[in-house]
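predicted structure and sequence below. I'll ask about it afterward.
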Amino acid sequence: MKQIITHYGYSDASGEYYVVIDTAKCDGCAECIRQCPKAALELVTLLVDLEDKVVAAVSEDHRKKIKYTCSLCKPEKNQTPCMTACSQKAIRCVWNPI
Amino acid sequence: MKVVQEGKKEYWRWQEYQKILSSKNWEKSDIITAGVDVGSVGSKAVVMINGEVYSWSVTRTGSNSPDSAKKAIGWAMEGTGLELDDFKYIVGTGYGRVNVPMANKAVTEIACHAKGANHIWGPTVRTILDVGGQDIKAIRCDQTGRVTSFLMNDKCAAGTGRGMEVFADLLQIPIEDIGEVSLRVDEEPEPVSCTCVAFAKTEAMGLLRKGWSKEKVLAAYTRAMAIRMCALLKRVGIEKDFVITGGQSKNIGVVTRIEKILGIKRLPMPNWRGGGLDPMIAGALGAAIIAKALHERSK
Ligand code: SF4
Ligand code: SF4
């Protein structure tokens, strides 16, 4: 399957903050959701080549404030609970504070 | 083109309308599908006959999604002789997609937008910026209109349709003229720092009190929004051809600034007042296309 990279987050005057999920790799196992201390992740259904595919996503409530939601996990160190939980290496954080 | 006549002067109010491409006729045996896109500000419906656009409507979203969906599709069918029973498949999309009562299926707006843009501009489209009522989407797609990467941002609403309505009201400039007025400055002011719609109004009032002209205030905000949108685009990567969909595709102030920052031009707007398709209906159009594909697969 060809990839659909989904980005949740934003860039503002203080830098770039995104949780990025590769939906081709994500198998919807929900392990990242179980490990996330902030309940920031959920499963959503995307239509991919006319088939429903269940994948992880950042929940709507957290998209607007991801910089604060994820800061406790120290995303700049690349070892957040969601990343270490994912056996597919489908989820990562892009954290570039200025 | 049928439009609603408004009485009182409401600067923020944009025009709702319905359009039937009169050259076509339909028969019961045709594959009739529809897409209904219930957005936070506008609800759009597109009717397709055998994969070709037949009619559409652009309406304001009301207080609830089911009624907004009914109004949009009802208006798209008006004067066509079509009834809901004639549709083989209807896809709901947009912010209110799970509450579209007549829909056979709900599909996320990202997939729909890419398909819609591919239909409006053709297979060369690779990057889509959609500026809707309350969020901004940056989408990358392939030649078939299949999404390869996307970013949805709903952090700041000031650069979106809702924000523009607030400015139109505050500055008493009709919403259709906002973009053009924002370009009437000799030089670009510094972009404002905060573009959150909740603060924007107070901040703009402060600037007006300081003696800034309406044009300058609008220029400062429009520029700030354009910079923000370009940052989102850079995250997904910009590849030509580039197009802009959603209500703000008509805001020449936003569009001009984005083109300047990116150094590339968008593909021109279709002549939607003539026989062309309105970039505001991209999501509903994509939904109608996906509806046809889902119907054919289910056979
Ligand atoms: S752990 Fe990885 S594969 Fe499992 S749902 Fe999360 S992102 Fe997808
Ligand atoms: S970085 Fe932490 S808070 Fe953010 S999604 Fe991953 S586990 Fe949850």
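Perfect, I can see it now. Ligands and ions are numbered 1, 2, ... in the order given.

what residues are up against the most centrally placed residue in chain A?
For chain A, the residue sitting closest to the mean C-alpha position, by Cα atoms, centre = their mean, is residue A:19 at 3.9 Å. Residues near residue A:19 by Cβ atoms under 8 Å, 6 or more residues apart in numbering or on different chains: A:7-9, A:40, A:58, A:66, A:70, A:82, A:91-94. Heads up, the C-betas are built off the backbone N, CA and C, glycines and all.

swap in 10 Å and give it another go.
Residues near residue A:19 by Cβ atoms under 10 Å, 6 or more residues apart in numbering or on different chains: A:6-9, A:32, A:36, A:40-41, A:56-58, A:62-63, A:66, A:69-70, A:75, A:80, A:82-83, A:91-95.

could you turn the buried ones of these into a ChimeraX selection?
To isolate the buried ones among these in ChimeraX, judged by 16 or more other Cβ atoms under 10 Å in any protein chain shown, type:
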select /A:6,7,8,9,32,36,40,41,56,57,58,62,63,66,69,70,75,80,82,83,91,92,93,95
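
so which of the contacts of residue A:19 are in strands?
Among those, the ones falling in strands (DSSP state E) are A:6-9, A:41, A:56-58, A:91-95.

same list (these) but as JSON lines, adding distance to ligand 1 and pLDDT.
Shown next, in JSON lines, are these (distance: Cβ to the nearest ligand atom, whole Å; pLDDT from 0 to 100):
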{"residue": "A:6", "distance to ligand 1": "10", "pLDDT": "93"}
{"residue": "A:7", "distance to ligand 1": "14", "pLDDT": "93"}
{"residue": "A:8", "distance to ligand 1": "12", "pLDDT": "92"}
{"residue": "A:9", "distance to ligand 1": "15", "pLDDT": "89"}
{"residue": "A:41", "distance to ligand 1": "7", "pLDDT": "97"}
{"residue": "A:56", "distance to ligand 1": "4", "pLDDT": "97"}
{"residue": "A:57", "distance to ligand 1": "9", "pLDDT": "95"}
{"residue": "A:58", "distance to ligand 1": "11", "pLDDT": "94"}
{"residue": "A:91", "distance to ligand 1": "4", "pLDDT": "97"}
{"residue": "A:92", "distance to ligand 1": "9", "pLDDT": "95"}
{"residue": "A:93", "distance to ligand 1": "12", "pLDDT": "95"}
{"residue": "A:94", "distance to ligand 1": "15", "pLDDT": "93"}
{"residue": "A:95", "distance to ligand 1": "17", "pLDDT": "94"}
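
closest one of the residues you listed to residue B:286?
residue A:6 (17.4 Å; Cβ to Cβ).

what is the rounded mean pLDDT of whichever strand or helix holds residue B:181?
Residue B:181 belongs to helix B:178-182 when elements are defined using DSSP states H and E. Averaged over helix B:178-182, pLDDT sits at 84.

so how far is that helix from its chain's centroid?
Centroid separation for helix B:178-182 versus its chain: 18 Å, with Cα atoms, centre = their mean, to the nearest Å.

after that helix, which helix or strand is next?
helix B:197-209.

and the helices in chain B?
Taking DSSP state H, the helices of chain B run over residues B:65-77, B:109-121, B:161-171, B:178-182, B:197-209, B:214-236, B:252-262, B:282-298.

dump the residue contacts of the residue lying farthest from the centre of chain A.
Distance from the C-alpha centroid of chain A, by Cα atoms, centre = their mean, peaks at residue A:50 (23.2 Å). Neighbour list for residue A:50: B:107, B:111, B:290, B:293-294, B:296-298 [criterion: Cβ under 10 Å, 6+ apart].

roughly how far apart are the nearest residue to residue B:165 once chain neighbours are set aside and residue B:169?
Leaving out its chain neighbours, the residue that sits closest to residue B:165 by Cβ to Cβ, 6 or more residues apart in numbering or on different chains is residue B:12, at 3.8 Å. Per Cβ to Cβ, to the nearest Å, residue B:12 is found 5 Å from residue B:169.
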